[in-house]
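okay, here's the prediction I keep looking at, along with the sequence it came from:
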Amino acid sequence: MLPSHGRYDYHPWPDRPRYAWPGGAKLAVYLGVNLEHFAFGEGLGAELAPGGPQPDVLNHAWRDYGNRVGAWRLIELLDALALPATVLLNSAMYDHAPHLVAAHRARGDEIAGHGRTNSERQSVLDEGLERALVAASTAAILAHEGVAPRGWLSPWIAESRVTPDLLAEAGYRYTLNWCMDDQPVWMRTRSGRLLAIPYPQEVNDIPSVVARKDGAEQFAAMALADFEERLEQVARDGIPQVMGIALHPYIVGQPYRLRALRGALSAIAARRGEVWITTAGAIFDHVAALPEGSTT
């Protein structure tokens, strides 16, 4: 037998339970808006162009454009289409751009934990330091929002072997780190269950635009094609699905990408009577309330 994480079991897709989302919908759609801050002159960070010696001004400034401009344009778009969001928040944003976090708070968006900064990854830390990282991020969100976050996305989707355990022990109810399914899946931890809610690595502007070099229209068309195919699938087999769209303001907040994204999100918003457009936290609430045996 190959080594296994032992966190969840295998369940064939055709045998999945046929539950429904609110309103009888079979497709739940949420937007994951990543608000990230990066250290200057050190640490990790996505690159527009191959970085040179530190300080890498070009790439640092490109990323900071998202917090200064792109995120505000994205909020305008979300407001125009009346779309909610799950904000995946580096807690360093409270010091760097508190007005931006406040704008999402005013919208009523969900705030989920996303580490302290995307300049670091927690998978390289020992258990004590990783626990401290989770605790620091959680405490900052609790202090500013008045409520602790229930969901977590690790910076760079980086996990150690005990990350799910640490999240459950810190009071988290769901994780977005695992992209192995189109449905929420209950994971085992040493402190009880943790729900893995699908977070996209395909309909995600980082791997699409930064890694695969997709154009603005390609990314928007991919999001819409993913949505339309899922609608056909759930109508055909009746198995409920979750579709996430992962957005980073320094990428999709660029004007020409935002223009393309507007078309895709407008088409999705126009189908809100057929689908449940929601947040990751609301997806958790619905799944947690289902009768035992209704989910995998």
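Done, it's in. What you see is a predicted model, and the numbers here were worked out from it, not measured in a lab.

what residues are up against residue 209?
Residues in contact with residue 209 (CB atoms under 8 Å, 6 or more residues apart in numbering) are 216, 219, 251, 257. (Glycine included, C-beta is placed from N, CA and C.)

same check on residue 49?
58-59.

does it belong to a helix, a strand or coil?
coil (DSSP: H, G, I helix; E, B strand; the rest coil).

do you know how far it is from residue 156?
According to CB to CB, to the nearest Å, residue 49 stands 20 Å off from residue 156.

hmm, back to that, most neighbours among the contacts of residue 209, which one?
Within the contacts of residue 209, residue 251 tops the neighbour count with 27 neighbours, counted by other CB atoms under 10 Å.

spatially nearest residue to that one, not counting backbone neighbours?
residue 205 (4.3 Å; CB to CB, 6 or more residues apart in numbering).

my guess is the one you found contacts residue 219. True?
Yes - between residue 205 and residue 219 there is a contact under CB atoms under 8 Å: 6.0 Å.

which neighbours do these two have in common?
With CB under 8 Å, 6+ apart, residue 205 and residue 219 have common neighbours 252, 257.

re earlier: please identify which two of the contacts of residue 209 are farthest apart in space.
216 and 251 (9.6 Å; CB to CB).

find residues that contact each of those two.
Joint contacts of residue 216 and residue 251 (CB under 8 Å, 6+ apart) are 209, 257.

can you count the residues close to residue 137?
24.

check residue 244 too.
Residue 244: 24 surrounding residues under other CB under 10 Å.

repeat for residue 95
9.

ditto for the one 5 residues further on
Here the neighbour count serves as a burial measure; for residue 100 (other CB under 10 Å) it reads 21.

ok, it - contacts?
When contacts are counted by CB under 8 Å, 6+ apart, residue 100 is found next to 35, 67, 71-72, 93.

ok, so of those, who is nearest residue 228?
Of these, the one sitting nearest to residue 228 (CB to CB) turns out to be residue 71, at 27.6 Å.

determine the three-state secondary structure at the closest one.
Assignment for residue 71 (three-state DSSP): helix.

counting neighbours, what do you get for it?
27.

where does the stretch 1-150 of the chain dip in pLDDT?
Along the stretch 1-150 of the chain, no part satisfies pLDDT under 70.

which stretches of it form strands?
Along the stretch 1-150 of the chain, the segments classed as strands by DSSP state E, counting those that start in this stretch run 27-35, 86-89, 110-113.
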